[in-house]
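**Q** sequence below, structure please.
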Amino acid sequence: MLFSRREPLPSQLNIALISQYAPLTQTRTSGRLAGPSFLRLIARGLAFRGHNVTILTGESVAGPGGTTLEADGVRIVSLASPRSARHRALRASHQPRFQDLVRRRFLELHKETPFHLVHALDGSAVRVGQMKKAVGVASFAMAYDVQATSMADLFAIMGMGQETLSSILNTGFNVGVRFLSTYFGHDRRLLSTADGVFVASPRERIALERYY
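**A** The predicted structure follows:
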């Protein structure tokens, strides 16, 4: 269903993985890098199977902002500014600006070699999804991780509830208010651009199908 398109897909896909915050390497252990992050491992696995993979990220790679790095058959395009490491705590407040950076850079790359699949690990690619009509509805399939939605916030609120009547009522109210604000403020716009959503558990799948 994710790849329901009019034209058949080629055996070699051109894939874009987009994430603002996902690190390119794991955290340091005993002063040493533990190895590539899950994002790099996924990209490397796809490249090993013959696909062309590009990572668009807000994380820094070697060199100043805008650097493109080729590693393990994967092209990594950094959209980080040179000062992003010093101001990491403030980056969340600039997400709309980063979404514009992603959209512009993606469009440049898409014009060079059209993408078949775009997989966003967070909401930073929502404007890429909205752009599908501009570049052609059937030009690429758009998929998100469920983490791109605010579902985790709802589960966190539910997890703080206690098994008392007052707590159940209060938790239900807070979940309802939070759902309405996040769904109409962000998630509905994001999901309207999605051809598919990846979930990590049956609980997430049920919540996504029933409420989103």
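
**Q** tell me which element residue 53 is part of?
**A** Using DSSP states H and E, residue 53 sits within strand 52-57.

**Q** check which helices and strands that strand sits against.
**A** strand 14-19, helix 38-48, strand 74-78, helix 95-112 (3 or more CB pairs under 8 Å, 6 or more residues apart in numbering; DSSP states H and E). All C-beta atoms are positioned from the backbone trio N, CA, C, and that covers glycine.

**Q** at 10 Å instead, please
**A** In terms of contacts (3 or more CB pairs under 10 Å, 6 or more residues apart in numbering; DSSP states H and E), strand 52-57 is packed against strand 14-19, helix 38-48, strand 68-71, strand 74-78, helix 95-112, strand 117-120.

**Q** and these as JSON lines, adding mean neighbour count?
**A** Converted to JSON lines, the helices and strands packed on strand 52-57 look like this (neighbours: other CB atoms under 10 Å):
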{"stretch": "strand 14-19", "mean neighbour count": "24"}
{"stretch": "helix 38-48", "mean neighbour count": "17"}
{"stretch": "strand 68-71", "mean neighbour count": "13"}
{"stretch": "strand 74-78", "mean neighbour count": "22"}
{"stretch": "helix 95-112", "mean neighbour count": "16"}
{"stretch": "strand 117-120", "mean neighbour count": "24"}
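
**Q** so what's the residue nearest to residue 153 when sequence neighbours are not counted up against?
**A** Excluding its sequence neighbours, the residue lying closest to residue 153 (CB to CB, 6 or more residues apart in numbering) is residue 178, at 6.0 Å. Residues near residue 178 by CB atoms under 10 Å, 6 or more residues apart in numbering: 150, 153-154, 156-157.

**Q** how close does residue 178 get to residue 19?
**A** Residue 178 sits 24 Å away from residue 19, going by CB to CB, to the nearest Å.
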